[in-house]
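Participant: Take a look and give me a structure for this.
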Amino acid sequence: LGHISGRENDRSDTKEGRDGLLISVYADRVVVERHDFFNEAEIEPEWIFPAPTFAGGEERPYAPAVRIQNEAIPAFAQGAAVGVAFSNTNAPGSGRACDVTATFPFARAAGPGRDAAEYEVQVERVVTDYVQASATRRVLPTRYYWAAPFRGTNVATRLRSGELPAKTPFRIAVRPMNAFGGKGEPIYSDSITF
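Facilitator: Sure thing, here's the model as predicted:
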């Protein structure tokens, strides 16, 4: 099983990003707003949790163990698919691999403004009676630091020719993930053979 180390978005341009947290503390609760100051919009719904009493036993709704159980799993819209573009349009069927750009729509979780936290992109070799993952990478959503309405509609990632099998049919699978590693159902590209 191959693995592509690191995240795809190492070069993501955050020059236009001006995001931050606004924290309000009240006698009975703490309110945390994630705000996109560049577009003057809320990034996701605010977090409201009870103020700590330090007496022990208080509710902790944002503890990782609770979030893992309660975090919605993102899903792609019905009929969504992975689109591909080749750096060399003569490569398919030639026996020589080329770079491939995979494009796919944002996945959403239940609730307002809830995009997938990241995507797992896999190159899957299609063997006679099974599928084998030959490379895997994690991809952050485009402009993840902006509020949802300003992010755009698609995510794109470039797969290098050395990561792709030559002369063997393969497809590209994309699975949406929430912030705690919960994976949704994948979408696929059409089968590709170099």
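
Participant: Show me what the closest residue to residue 107 other than its chain neighbours is bridged to.
Facilitator: Leaving aside its chain neighbours, residue 107 sits nearest to residue 176 (3.3 Å; criterion: Cβ to Cβ, 6 or more residues apart in numbering). Any C-beta I mention is one placed from the backbone N, CA and C, and that applies to glycine too. Beta-bridge partners for residue 176, by DSSP bridges, are residue 119.

Participant: ok, now how distant is residue 176 from residue 123?
Facilitator: Separation of residue 176 from residue 123 (Cβ to Cβ, to the nearest Å): 17 Å.

Participant: What ranges does the protein have for its helices?
Facilitator: 64-70 (DSSP state H).

Participant: In the chain, where is pLDDT below threshold?
Facilitator: Along the chain, the model assigns pLDDT under 70 to residues 1-17, 111-113.

Participant: how far away is the nearest residue to residue 26 once chain neighbours are set aside from residue 70?
Facilitator: What sits nearest to residue 26 in space, not counting adjacent residues and going by Cβ to Cβ, 6+ apart, is residue 51, at 6.9 Å. To residue 70, residue 51 is 20 Å away according to Cβ to Cβ.

Participant: again, but for residue 135
Facilitator: 32 Å.

Participant: what do you get for residue 18?
Facilitator: Using Cβ to Cβ, residue 18 is found at 30 Å from residue 70.
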